Every structure is written in C-alpha cells, then in structure tokens.
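> pasting the sequence and the predicted coordinates here, then a few questions.
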2 protein chains.
Amino acid sequence: MSHKMRTITIKDVAELANVSKSTVSQYLNKRYDYMGEATKQRIKEAIEELGYQPNIVARSLKQKSSTTIGVIVANILHEFSTQIIRAIEDQCHELDFHIIVCNADDNPYKEKNYIDMLRAKQVDGLIVFPTSDNVELYQELLRQGMPIVFIDRLVSNVDVNTIMLANEDASKFAVDEFVKKQHERIGIVTTSTVNNVSPRVERVNGYLKALETHGIPVRSEYIISAELDKVQDELDQMMKLKDPPKAILAGNDLTLIEILKYVKEHNISIPDDLSLIGVDDVSFAEIYNPSITTVAQPTFRMGKQAAEVLINQIKNGGDEERQVFRFGPKLIPRQSS
Amino acid sequence: MSHKMRTITIKDVAELANVSKSTVSQYLNKRYDYMGEATKQRIKEAIEELGYQPNIVARSLKQKSSTTIGVIVANILHEFSTQIIRAIEDQCHELDFHIIVCNADDNPYKEKNYIDMLRAKQVDGLIVFPTSDNVELYQELLRQGMPIVFIDRLVSNVDVNTIMLANEDASKFAVDEFVKKQHERIGIVTTSTVNNVSPRVERVNGYLKALETHGIPVRSEYIISAELDKVQDELDQMMKLKDPPKAILAGNDLTLIEILKYVKEHNISIPDDLSLIGVDDVSFAEIYNPSITTVAQPTFRMGKQAAEVLINQIKNGGDEERQVFRFGPKLIPRQSS
DNA sequence: CTGAAAGCGCTTACAG
DNA sequence: CTGAAAGCGCTTACAG
C-alpha cells in the first residue's frame, strides 16, 4: 500500500478548535442557528489550518444518501449518448450531485451487472437508456423505492418518468422535407427493431404515417431495420432494385455513417442521385461534403430534464404521477436533402 | 423522501443463517479457510433468500478504499478523450474498479473543484488530463500519497507516471507523407500553445524538426497556434498569402474541423489545392469526401495502460520510479494527402 | 449555545 | 471453526 498520511478527521478539528465533534458537524452542515460567533470562527480556522475535508463516504453511510446518481447508457458510441451524458453532468454539477457513467453495450446482462454495482454503491437514483430485457429488475428497483428516470426509450410495464424525443415527428419532418423536394421513392434505415426498441419503432411508424399523409404508397423494400453489420448488405439489395429509393432517412448517427460508407464506395452522388437526412445532428453534418440535413434532438434540454426530474424525485419522494416527457425535434436543412 | 424499504444488512443475513456477522463477512470476502461447508451453505442460502447485497459504502469506510478512481479530462469534446475514457472504463471493469468522470473544460479552477470532490469521495486514485495550472495542488496530493497518472500531457515539476503519444513522431509521419507527395509549402495548425500544453508544443517541435530533416526552410507564417475561435481568422490570413501552404497538418480533431469548415466555405479542393492530414483518427475520416489521412493515436492501449499503471500503484504502493510511457502514432493514408 | 452517546453497515484482530 | 467487540468518520436526536 502507498503510505498515505494519517487522515485529518472531524475529531482533529474538534480538538484543535476546542469544541465537540457534534459542533464541528453542525458547522459543516451550516446549522449555525445557535452557534456562537467565536466558536464558528475557531472551527473555521481549525479547518483551514488542518486542511480538513469531510469524508463523504462516512457521511453517506450515516445519511443513507450518496449524492451520486448512476447513468447507464445503452451504447456510448452514439454521439447522442455522449451529449446527453454531458448535459446530465452539467446539471448535476449545478445541484451538487455526481454521476457514475456505465456503458451497457446494449447488453442486458451487462446492464444488470451495472445496476447491482450501482445499488451496492448506494447511488440515490438511476438515469438509464434501458435495454428492453430487464423489466422484472426495474420493477423490483421501483418497489424498493429507487428513483429512476428512463431516457430515449420507453419500456412497457415499468412505471417511470421517461424522457423521449417526439420520434414520429422526427420522421415526419424528414419525409415532409423529402416530399418538398419532389421525392416519392423514400426509404428508411434503422438499426434492428426486433427488441421493439421504442425510438426505432416510432421512427418507422412516423415514416409510415407521413407517407400516408402525403398519399405515397408504402413499399416494404424501402424499409431496412437490421443490425449494424448487416446494413451494408441490405443497402446493396435495396439500391439494386430497378427503382431504388431516391431519398433515405437514416434512423440515427451510426446508420447514417453506414449509408455514407455505401454511398462513397458506390460513387453515388448526394443529393443528385440520392437525398439523405439523418436523425441526430452529428458533429460532422456541417462540414461534410455535401453538408448533411439532419433532424436534431434537443439533447442538452433532454439531459438536463432527466437530471432535474430524477433529483427532484430523490429530494421530494416520487409521489407525483409518472409521465413521459416528449421533446420536439428540429429539422436542420443542409445540402444533402 | 421516497419510502425506501428497510435495507437488508449483514445482520439480517447473520440472523437468518444463525451465525455471527463476522462469519458472514468472512464468507463475503471469500475467506473460507476454516469455514464449515454447512455454514457456508446456510449463509449462501440466506443471502439468496433475502436478496442481500453488501453496502460498498460501509465497506469503503472501514477499508479506506473505495475501488473507485476519478478521471478528469481537460475537454470532453475531443473524441480522443471519449475514446480514452472508454478504454479506462473497460479496463477498470476488468479489475473491479469504477470510475467517476469529470470534465474540467480546460479550466484549472474547475479542475481543482473536481479534485477536492473526488478526494472527499475517497477515490483511490486519479487519472488526469492535466491543465498546467495546478502544480502545487498535484504536489500536495502526491505528498499525501494519492496515486496519480497523467495522460496526454506532461507537467513539469510533478513527479507522476505519464501516458503520452510520441508527439514528435506524429508530426514527423505527417510531414514525411507530405514530402512524399512533393510538398514543400507545409503548414501546421494547433490550438494555443501559450500554456505550454505539451502535446501541442511537441507537435510543433516535431513539425519543425521534420522540416529541417527534409531541408525545408521554416516559414513562421505557416504556423498557427491559436484559440479555436481565432483559427478561422488566422487561416484566412495564411491562405491569403501570395504563396499559401499547399499542405496543412491539423494538430487535433477540433482544429481539423475548423480547417474543413474553412475549406468548405472557400471551395478549396482537397487534395488538389490543399493536402490535409489530421492528428487523431476521427470517426468521420473514413467517410469524408475526400477521406482524410490521419495520424492515429493508439487510444485504446493508452487508456488501458493508464488504468493498469494506476491500479497497480494503488495495490502495490507507488515505490517504483515514475516514468513517461510513450506510445507510437500511426499514419493512416487516405485521400486527403 | 454545546456535548455525550448511539448508530449507519461493514471488517478485522483477537479470543476461545 | 466461529463470535464479541472495537472502530472506520460521520450525523443526529437528546439532554443540559
């Protein structure tokens, strides 16, 4: 073990200031109500002289609150996740909470492990991009009174506050834009919907509804929902139809990248041969050639809201009705559409 | 407060299994040396029946170890930071450590705040992308025996293990590539070097040395080191020289993006009008038009090494000599050079 | 206005 | 092979 210096504790401060530990504790917690001005001063000086810092671990044990929340993202590779994490962290910093970030890699088993760990660490609450496979676990956590907020994804039968994009609108805005540009052959590419991951399903639904609104018949060959590593093959099949789509909506940043790879390899010209819109305003959208039209999520506001809702629940108990907070997407027109 | 169910503690397990708390604790810590098979079994069953989970906070308090390390990044907006964090987290997960990630936003004051917080939370060690302005604080931490590893940046007068890119090589590889393509008018753009942030300084030095090796005279007008929001102006000045550079090395991902913005706005054709190489293998390098030649850092290995070195130091004490671990960059040739 | 005592949930010598 | 006791560094009723 490294030779740590003896830690300065509240006892040392108390002795130096000639008061009891209780009084020092009162001081630390700013309960000055009946504290003599002189006492206060002595404690203040003692703390400075010793360079004392309270041990939060000890405080947590006693108070049964760690002012820490766990954040579990489904897949940290999405820029969306990173931005949300950043917003959560900013907001938590405001409210004197800290976060432990975990990456479940879209793996329910890993997710469960992290939840157990975070519980053992006595986090006060959880913000989760949930996989769809730990329903019982979430129900148990709720029964035990753990404050939880879901983000990005809706899970049925789990009664928690959920922060969501208005996903159908996102698709609608994109389709509207394509139609405005005279397109009728419009496709969509999302990652797999087999697990009913709600944003994906909703984005496809929004796409279907929007087509209907515009009186455009649905063609199933124009709809790809596949694992990321299958996307190239599926795209190839779709683009080799004799009447391939002239416009494609990418369900998120990673599918957008897959499409761009394909486009580049096959020398497809955007937007002349193919119009493109991506959900999520990726960092390179502006500088890409051509710049890419996107539907942006208000990530900052969503992350902030998640933190606020959760911390409010931690502080005030979770007695209000649970609700789904829907955030409006925004079309950012650029050259690719 | 939310109505948490009464927590199951070691006491409950002990009672149900008809043994003492000590014995349960032994069991939990896998000290089975003299434990009867039957006792072991009873404890195991009691734990399962109660759904007991040890309280890590209590354990930390007693053991004076939190199996948590703090990670402070200078600026989380760099993809490099995100990748390093990911690698650290992976490695920590292997070794049963957890991380708390903090973003200092290149602000020494924020950095100090986070350090204080992490200390109060009793982290066992720190991995830091250091700003250059908290030298005394770091020295104090070292005196107190806090294990620390720096990453990306060297800070003089602070004796800690440091994980670094061989930055001069990175520039050398880029310049070599430019020269191979017959370029002589080669520029470099980095973020500001006023604080002597070591990778920036080293990359400029490497650039200078490489020019010298190739017998190319240095032209100070070809060297930009400026705050990000000044880069556009500086670029404009540089590109409006009567003999502007025909090749530019971007010091990191964010400066690369600035250059691409400029290029796009001014319809400069890459690589015909201007060759481009960026340090850091950004996510869009492959799909960009044209695809971008980069000098990649082995981020995964660097993050892993940081975690290993730190955790080794935590476990075995930090008695070995401190050293600087240099990692070799790798040129990934693509279309832009 | 301040202090003594109990307790948060663990671990760890030590005794038997 | 197992248990009683002390203690990690705090906080919090309660007493005075």
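Looks like it arrived, so ask away. Numbers count the residues shown, from 1 in each chain, chains lettered A, B, ... in the order given.

> isn't residue A:250 right next to residue A:274, touching?
No - if you go by Cβ atoms under 8 Å, residue A:250 and residue A:274 don't touch, sitting 11.4 Å apart. Backbone N, C-alpha and C define where each C-beta goes, glycine included.

> of the two, who's got more company?
residue A:250 (28 against 22; other Cβ atoms under 10 Å in any protein chain shown).

> what bridges to that one?
residue A:189, residue A:278 (DSSP bridges).

> ok, now which ones touch it?
Neighbouring residues of residue A:250 by Cβ atoms under 8 Å, 6 or more residues apart in numbering or on different chains: A:189, A:256, A:259, A:276, A:277, A:278, A:279.

> three-state assignment of the third one?
So the one you mean is residue A:259. What DSSP: H, G, I helix; E, B strand; the rest coil gives for residue A:259 is helix.

> and for the second one?
On the three-state scheme (three-state DSSP), residue A:256 is labelled helix.

> so it makes contact with residue A:292?
Yes - the pair residue A:256 and residue A:292 passes the contact test of Cβ under 8 Å, sitting 7.4 Å apart.

> can you map out the strands along the stretch 151-300 of chain A?
With strands called from DSSP state E, counting those that start in this stretch, the stretch 151-300 of chain A shows them at A:161-165, A:186-190, A:223-225, A:247-250, A:275-279, A:293-296.

> could you identify which of the ones you listed is most buried?
strand A:247-250 (a mean of 29; mean count of other Cβ atoms under 10 Å in any protein chain shown).

> I'd like the average pLDDT over that strand.
The average pLDDT for strand A:247-250 rounds to 98.

> CA-only coordinates of it in PDB, if you can.
The C-alpha trace of strand A:247-250 is given here as PDB (Å, rounded to 0.1, in the frame of the first residue of the first chain):
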ATOM      1  CA  ALA A 247     -34.200   9.600 -50.700                       C
ATOM      2  CA  ILE A 248     -33.200   7.800 -47.500                       C
ATOM      3  CA  LEU A 249     -33.900   8.700 -43.900                       C
ATOM      4  CA  ALA A 250     -31.100   7.400 -41.500                       C
END
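
> give me the distance from that strand to the chain's centre.
Computed by Cα atoms, centre = their mean, to the nearest Å, the chain-centroid distance of strand A:247-250 equals 24 Å.

> what of stretch A:15-25?
The gap between where stretch A:15-25 is centred and where its chain is centred comes out at 44 Å by Cα atoms, centre = their mean.

> which stretches in chain A count as helices?
A:10-17, A:21-28, A:37-50, A:56-63, A:79-94, A:108-120, A:135-143, A:167-180, A:198-213, A:231-239, A:253-265, A:299-316 (DSSP state H).

> where does the stretch 101-250 of chain A come near chain B, residue by residue?
By Cβ under 8 Å from any Cβ of the partner chain, the residues of the stretch 101-250 of chain A that approach chain B are A:101-103, A:116-117, A:119-122, A:143-147.

> now the buried members of those.
Those of these that meet the buried threshold are A:101, A:102, A:103, A:117, A:119, A:121, A:122, A:144, A:146, A:147, by 16 or more other Cβ atoms under 10 Å in any protein chain shown.

> mind listing what the nearest residue to residue A:167 once chain neighbours are set aside touches?
Among residues not flanking residue A:167 along the chain, residue A:202 sits closest, at 3.5 Å (Cβ to Cβ, 6 or more residues apart in numbering or on different chains). For residue A:202, the contact set (Cβ under 8 Å, 6+ apart) comprises A:167, A:168, A:171.

> may I have the phi/psi pair for the closest residue to residue A:152 other than its chain neighbours?
Ranked by Cβ to Cβ, 6+ apart and with sequence neighbours excluded, the top spatial neighbour of residue A:152 is residue A:129, at 4.9 Å. Per-residue torsions, residue A:129: phi -90, psi 90 (degrees, to the nearest 10).

> using JSON lines, lay out the helices of chain A together with distance to DNA strand C.
Shown next, in JSON lines, are the helices of chain A (distance: least, Cβ to the nearest atom of the strand, whole Å):
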{"stretch": "helix A:10-17", "distance to DNA strand C": "7"}
{"stretch": "helix A:21-28", "distance to DNA strand C": "3"}
{"stretch": "helix A:37-50", "distance to DNA strand C": "3"}
{"stretch": "helix A:56-63", "distance to DNA strand C": "4"}
{"stretch": "helix A:79-94", "distance to DNA strand C": "24"}
{"stretch": "helix A:108-120", "distance to DNA strand C": "8"}
{"stretch": "helix A:135-143", "distance to DNA strand C": "17"}
{"stretch": "helix A:167-180", "distance to DNA strand C": "41"}
{"stretch": "helix A:198-213", "distance to DNA strand C": "36"}
{"stretch": "helix A:231-239", "distance to DNA strand C": "46"}
{"stretch": "helix A:253-265", "distance to DNA strand C": "41"}
{"stretch": "helix A:299-316", "distance to DNA strand C": "18"}
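
> as a markdown table, those with distance to DNA strand D and mean pLDDT would be great.
Shown next, in a markdown table, are these (distance: least, Cβ to the nearest atom of the strand, whole Å; pLDDT from 0 to 100):
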| stretch | distance to DNA strand D | mean pLDDT |
| --- | --- | --- |
| helix A:10-17 | 3 | 90 |
| helix A:21-28 | 3 | 89 |
| helix A:37-50 | 10 | 88 |
| helix A:56-63 | 3 | 91 |
| helix A:79-94 | 20 | 90 |
| helix A:108-120 | 16 | 92 |
| helix A:135-143 | 24 | 92 |
| helix A:167-180 | 43 | 98 |
| helix A:198-213 | 40 | 96 |
| helix A:231-239 | 53 | 97 |
| helix A:253-265 | 43 | 94 |
| helix A:299-316 | 14 | 94 |
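
> is it possible to get a markdown table of those that adds distance to residue B:233?
Listed next are the helices of chain A as a markdown table, based on distance: least, Cβ to Cβ, whole Å:
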| stretch | distance to residue B:233 |
| --- | --- |
| helix A:10-17 | 53 |
| helix A:21-28 | 50 |
| helix A:37-50 | 46 |
| helix A:56-63 | 46 |
| helix A:79-94 | 28 |
| helix A:108-120 | 46 |
| helix A:135-143 | 52 |
| helix A:167-180 | 34 |
| helix A:198-213 | 41 |
| helix A:231-239 | 41 |
| helix A:253-265 | 31 |
| helix A:299-316 | 28 |
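
> out of the ones you listed, which gets nearest to residue A:219?
Closest approach to residue A:219 among these (Cβ to Cβ): helix A:198-213, 9.1 Å.

> starting at the chain centroid, how far to the closest one?
For helix A:198-213 - counting by Cα atoms, centre = their mean - the centre lies 22 Å from the chain centre.

> also stretch A:146-158?
The answer for stretch A:146-158 is 12 Å, by Cα atoms, centre = their mean.

> with just CA atoms, put it into CSV.
Below are the C-alpha coordinates for stretch A:146-158, written out as CSV (Å, rounded to 0.1, in the frame of the first residue of the first chain):
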residue,chain,number,x,y,z
MET,A,146,-35.2,3.6,-6.1
PRO,A,147,-35.8,6.8,-8.1
ILE,A,148,-35.4,6.0,-11.8
VAL,A,149,-35.6,8.0,-15.0
PHE,A,150,-35.5,6.4,-18.4
ILE,A,151,-34.3,8.3,-21.4
ASP,A,152,-34.6,7.8,-25.1
ARG,A,153,-36.5,4.5,-24.7
LEU,A,154,-39.9,3.6,-23.4
VAL,A,155,-40.3,0.3,-21.7
SER,A,156,-43.8,-1.0,-21.2
ASN,A,157,-44.8,-2.2,-17.7
VAL,A,158,-42.2,-0.1,-16.0
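
> what mean pLDDT does it have?
Rounded mean pLDDT across stretch A:146-158 is 94.

> perfect, that will be all.
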